[in-house]
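Undergrad: starting from these lines, generate the structure:
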Amino acid sequence: MNSVASHKFSAQARLAAFLMAGTMLAGPALAQGVQPPVVPAPTVPAPAAEAVPAATTVRSITVTGNQRLEAQTILSYLRLRVGQTYNRATLDQALKDLASTELFKDFQINDDNGALTIQVVENPVINRVILEGNKRLKEDKIRPEIKLAPRQIFTRSKVRADVARIIELYKRQGRFAATVEPKMVSLDQNRVDVVFEINEGPKSKVRQINIIGNEKFSDGDLKDEMATKESGLLTILSSNTSYDPDRLAYDQQKIRLFYLSNGYADFRVISAVAELTSNKQDFIITYVVEEGERYKFGKVDVESELRDFRPEALKTLLPMKEGDWYDAKQVEDTVESLSETAGLFGYAFADINPEFRRDPETRTMDITFNVAESPRTYVERIDVNGNTLTQDKVVRREFRLNEGDAFNSFGVKRTENRINSLGYFQENLEIERKEGSAPDRIILETNVEEKPTGELSLSAGFSSIENFLLQASVRQRNFRGLGQQLQASVNYSSYSKSVELGFTEPYLFDRNISIGGSVYRRDLNSFNFIDNDRRTTFQQVTTGAQVTVGVPLTEYLSAFGRYSLNFDDVTLDRSLYYFGGECDPLVAGRYLCDAIGKRTTSLLGYTIAYDDRDNRLRPTRGQSLSLSQDFAGLGGSVKYVRTRANASKHFNLGSRFILNFSAEGGYIYPFGGRPTPTSDKVRLTDRFFLGEPQMRGFDIRGVGPRVIRYSVDNTNPAAPVVITESDNRGQIDDALGGRAYYQGRIELDIPLGTGAKELGLRPSIFLDVGSVFGVRRPSLTTLADFRETDPNAPGFGLTKSLCRNAANGTRQFATETTTTVNGVTTGTGQYTTCPTSFTRLDPFEERFFGDTWLPRVAIGAGVNWNSPFGPFRIDFAYALRKEEGDDTKRFSFNVGTQF
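TA: All right, here's what the predicted structure looks like:
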C-alpha cells in the first residue's frame, strides 16, 4: 500500500459542535433591526494523506461499513470512476463530497495502488423527536414547523434549522428570552432520539414607551393611539403589552395619522428603537418625532371628467371647508365617499386623486379632488371561493347583482350585508373587485371562510319561583349546505317542560319563498310556594303544529303567513282544589276555576316585516319594524284577535359603541262568549305575560296583574288583621297576565381593550321599561268567608277555620280547640278543630295587585363572553320602579356552544 488518504469526524466532536450551535442560536436580538449571530458550519479538516503519484489510475473502488445505503448510492456522490487518473486533490475533493452529504459521522479513503476502499460509518436514524419544557406553546403548534421526523437520517443542519424555527415561534409569542438546547440520545442499531430541551422564559413585555419631541400633545394622548401598551395592572388582560416588530411599525403609522388628522402636515417619525433589557424580560421603546407646523384647509375644489359628476354639485357635499383645521383622515374618507358615489353610477374603477398644494407661509393646504375619466363597468363574472360545505347557489342567491349587470356599489354593499346576515361565514366579509378582461369589465370575487353553523345551546338559571331551570337546544342553520334550518329543543324546569322539532326551507324550489313547519309538546306547571312547600296552581298541556310561509315584497319588506292548530288541556290538582267533584273557588280562586278544561285553538296569522339592518345577527346600524296579527276562530273553541308590533333601531356611535333602541307592544281582543262579572273573556293561558327574560330585573311572569294570598294568624280571631306587601306569612303569588302589554329597551354595547376583545368579552348597559295590564278584576276570597255568621253558633262574628269532607261534599266551621289541665277542660278561643274525616282550611285573604299601565323600570349591566365552552351571557339588573306585588330578580345567566 503506497498511500493512504483519510478523514475522520468523530461522534464526540460532532455532538460538541451540535450543542454549541443550538446554544448560540437561542439568543434574541437586542434592538430593532439586529439579527441573531450566524453560526458558520464547521469546515472539513484537510485529510492527512501521503503524496500520490501523478499518473495513478483507479483500478477498483470498494465501499465498506455501509448498512442502509447501497454502495452504488454512495459512489454516486463521488466523482471517482474506475479507469480515471487521480491525485491528492482528487481524493481531497472526494472526502469533501462525502462530508457535504451529511450522511456519515465517520469516513476515510484507503488507497492500495489504485484499489480504493471507502470506509464509512453512517449517521444514525432518528427514532423519536422529543420536545421538553414547552408549556406555553403546545406540540401541535411546534411540530408542523420542524423538519426532523422519525425514520429520517440525522443531520446537523436540520437540527440547527429546527432550533431556529422553534425560537422564532417563541419570538412571535413575545418570548425573546427563550432558549432551545438540542440533545442526542444514542440507541442500539445506530438509532438516536433527538431531544429539544426548551426553556421558554418569561414573556417579554413593553416596560416603557418614551416619546421625544412631542410638544403639542402629551405622551398619554399619543400612547392612547398606539396598539402597543405598557405592561401594568390596567393592561393585565391585554396581549398588546408584548413586543412585536410589526406592531411597532403599525404604531408609527397610527401616530402619524393622528398628527395628520389634527393639522400637522409636516409631521414625521425620525426614529423608533426597541431595546431589550439585560434580563431579556422587558423592552423599552423610544420614539423621536418632529411635529412641524399646524395647517388649515385652503381652497377646496373638485374637477371631474365624468359626465355624470358635476363638480358644482359635488363640492357642496364635501365635508371640509376653507379655514377648517387640516385633517388627512377626512381627506381619505372623502376620496372613499366619492369612489362609492361613482360606483352608484356604474364606475367601479373611478380614479380619484387629491392634489395637494401646501403654502408654508400662510400654513394652508389647498386641495383639488381630480376625478379622472373612466368607462362604465359591467359585471363580467361572480366568483365564490372557499365554500367547502355551503353550496354555491346559497351564496349567489344573496347577490343583488347578476353577471352582465351594470356595476353598482350599493348593490355590492347590500350583498355583503346579506351574506354576513346568513351567519355561515367569517364576520365582516367583503367582496373584492378585480379588473376583468376589458377596461369596462369587473369581476366580483367572494372569498368566504366557513364557520360552525350548528348550535348546541344550554341555558341555566335560578329563580325564587322555579329554583333551577335548564334549557337545551340543537340547531343547524345550514343543513346539508343548502341554507336549510333544522332544530330541536328540550326545556326542563319546575315551571315547564317542552319538546319541539322544526324545519325551514328558505328557498322553496330555488325560488325566493320560504316555508317552515314545527311540531311541539309543551307542559306548563304554574306553581307557588307556601313557606318552603311547593304547590302547583294549574297544569297546561299543549300539543300542536305550525306551518309558516314567507315571501319578500321588496328588498327590505317581507310578508309571512302562518297557520297553527293547538290542543290545550288545563287541569288543577284535584286533591287540592276540587271539592265535591268540582273546582272549589274558595281554594283555587275563581280565576283558576274558569281556566280549566280542554280547548282547541285554530290560529291563522300574518306578519309584515321591514328590515334594513346591516347584519341580522349582530347589527351595528339600521332598523327593523314588524306588525303581526293572529286570528283564532277558524274552527276550534277559542276566538280572539291578537295584535303585536315591534320596532328597533341601531346606531353606530363610532369607536365600536353601538346604541340600540327597541320597543314592542301587543293587545288581544276576544269575541264570542259571555263574560261573567268576575271572569275575563280572554283565557288565562292566552294572555300576555312579562318578566325574565324579556324584561331584566324582574322574575319570570314577575310584572303585571296578580293575586297574592296571605295566610292569617288565627291565634287571636277577634283581633283586626292588617296585611302589607312585606307580609310573607304563607304568601301565595299567582300571575294573571293581561290583555295588553308594552316594553321598551335602551342598550349600549361598550367596546373594551384589545385584551378583553381577544377573550370575546362584549359588555353592555341597559334600561328596560314595560308593563302588562288590562284584565277583569277576579273574584277574591276575603276573611268574611271565614267569619261565623250564625248568631246562635259559638264564636259568632269570629274568624274560624273551615272543615271540608271531600267524600260527601260537606263543609262546616271548625269548633273551638280546648285544652285540659288537671282534669279541667277550657277553650282556647281558637276555632281550628275539625272532625277526623274532614280536612282543615285555615283562614286567608286574597289581594289583587299590578293591573296598571304605569311602567316598571330596571337598569343594569350585562356581558357576553365567547368562552371556551360556548357563548355565555350574564346580566345584573336592579328594578328602579315597580308596583306592589311585582317579583324582582337581580341575576341571570345562560350558556351555549357551537359545532
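Undergrad: quick one: pLDDT of residue 30?
TA: We note a pLDDT of 30 for residue 30 in this prediction.
Undergrad: same thing with residue 645?
TA: Predicted confidence (pLDDT) for residue 645: 96.
Undergrad: that one against residue 629, yeah?
TA: No: Residue 645 is not in contact with residue 629 according to Cβ atoms under 8 Å; the separation is 9.7 Å. Glycine gets a C-beta too; all of them are placed from N, C-alpha and C.
Undergrad: now the terminal residues of stretch 580-596, how far apart.
TA: 16 Å (Cα to Cα, to the nearest Å).
Undergrad: all numbers from here: first residue = 23
TA: Will do, 23 is the new start, and the previous item becomes stretch 602-618.
Undergrad: starting at the chain centroid, how far to that stretch?
TA: Its chain's C-alpha centre and that of stretch 602-618 lie 49 Å apart, by Cα atoms, centre = their mean, to the nearest Å.
Undergrad: and it, what's buried?
TA: Judged by neighbour count using 16 or more other Cβ atoms under 10 Å, the buried positions of stretch 602-618 are 605-618.
Undergrad: do the same with stretch 322-329
TA: If you call a residue buried by 16+ other Cβ under 10 Å, then stretch 322-329 has these buried ones: 322, 324, 326, 328.
Undergrad: got JSON lines for those residues, with pLDDT too?
TA: Putting the buried residues of stretch 322-329 into JSON lines (pLDDT from 0 to 100) gives the following:
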{"residue": "322", "pLDDT": "91"}
{"residue": "324", "pLDDT": "89"}
{"residue": "326", "pLDDT": "85"}
{"residue": "328", "pLDDT": "82"}
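Undergrad: show me where pLDDT drops low in the protein?
TA: Scanning the chain for pLDDT under 70 picks out the ranges 23-77, 256-261, 479-491, 516-517, 548-559, 695-700, 735-753, 775-782, 888-893, 916-921.
Undergrad: recalculate using a threshold of 50.
TA: 23-75, 485-487, 551, 553-554, 746-749, 751, 918-921 (pLDDT under 50).
Undergrad: who is residue 150 paired with across the strands?
TA: residue 215 (DSSP bridges).
Undergrad: my error: substitute residue 689 in the last question.
TA: residue 665, residue 762.
Undergrad: now it: how far from residue 710?
TA: According to Cβ to Cβ, to the nearest Å, residue 689 and residue 710 sit 8 Å apart.
Undergrad: more neighbours, those two?
TA: residue 710 (23 against 16; other Cβ atoms under 10 Å).
Undergrad: got a list of what that one touches?
TA: Contacts for residue 710 (Cβ atoms under 8 Å, 6 or more residues apart in numbering) come out as 688, 690, 759-763, 794.
Undergrad: find the residues that touch each one of residue 689 and residue 710.
TA: Residues touching both residue 689 and residue 710 (Cβ under 8 Å, 6+ apart): 761-762.
Undergrad: return the set of buried residues in stretch 864-884.
TA: Across stretch 864-884, burial judged by 16+ other Cβ under 10 Å covers 864-868, 870-874, 877-884.
Undergrad: where along the stretch 373-522 of the chain do the strands fall?
TA: In the stretch 373-522 of the chain, the strands defined using DSSP state E, counting those that start in this stretch lie at 374-381, 386-393, 400-407, 453-457, 463-469, 476-485, 489-501, 506-515, 518-527.
Undergrad: I'd like these as TSV, with distance to residue 584 appended.
TA: Formatted as TSV, the strands of the stretch 373-522 of the chain follow (distance: least, Cβ to Cβ, whole Å):
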stretch	distance to residue 584
strand 374-381	50
strand 386-393	51
strand 400-407	33
strand 453-457	34
strand 463-469	33
strand 476-485	23
strand 489-501	19
strand 506-515	16
strand 518-527	12
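Undergrad: for those strands, give me TSV that also has distance to residue 413 and mean neighbour count.
TA: Converted to TSV, these look like this (distance: least, Cβ to Cβ, whole Å; neighbours: other Cβ atoms under 10 Å):
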stretch	distance to residue 413	mean neighbour count
strand 374-381	38	13
strand 386-393	41	18
strand 400-407	10	17
strand 453-457	18	15
strand 463-469	14	18
strand 476-485	17	16
strand 489-501	10	16
strand 506-515	11	17
strand 518-527	14	16
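Undergrad: how about the ones you listed, which one is nearest residue 909?
TA: Residue 909 lies closest, by Cβ to Cβ, to one member of the strands of the stretch 373-522 of the chain: strand 476-485, at 9.1 Å.
Undergrad: and the closest residue to residue 224 other than its chain neighbours, how many neighbours does it have?
TA: Once flanking residues are discounted, residue 224 sits nearest to residue 303: 5.0 Å by Cβ to Cβ, 6 or more residues apart in numbering. Neighbourhood size, residue 303 [other Cβ under 10 Å]: 16.
Undergrad: who are the contact partners of residue 303?
TA: Counting by Cβ under 8 Å, 6+ apart, the residues that residue 303 touches are 199, 223-224, 226-227.
Undergrad: quick check on those residues: which are buried?
TA: Using 16+ other Cβ under 10 Å, the buried members of the contacts of residue 303 are 199, 223, 226-227.
Undergrad: and the residues you listed, which of them are in strands?
TA: In strands, defined here by DSSP state E, the members of the buried ones among the contacts of residue 303 are residue 227.
Undergrad: Serialize the buried ones among the contacts of residue 303 to a markdown table and add fields for distance to residue 160.
TA: A markdown table is the format used below for those (distance: Cβ to Cβ, whole Å):
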| residue | distance to residue 160 |
| --- | --- |
| 199 | 19 |
| 223 | 17 |
| 226 | 20 |
| 227 | 22 |
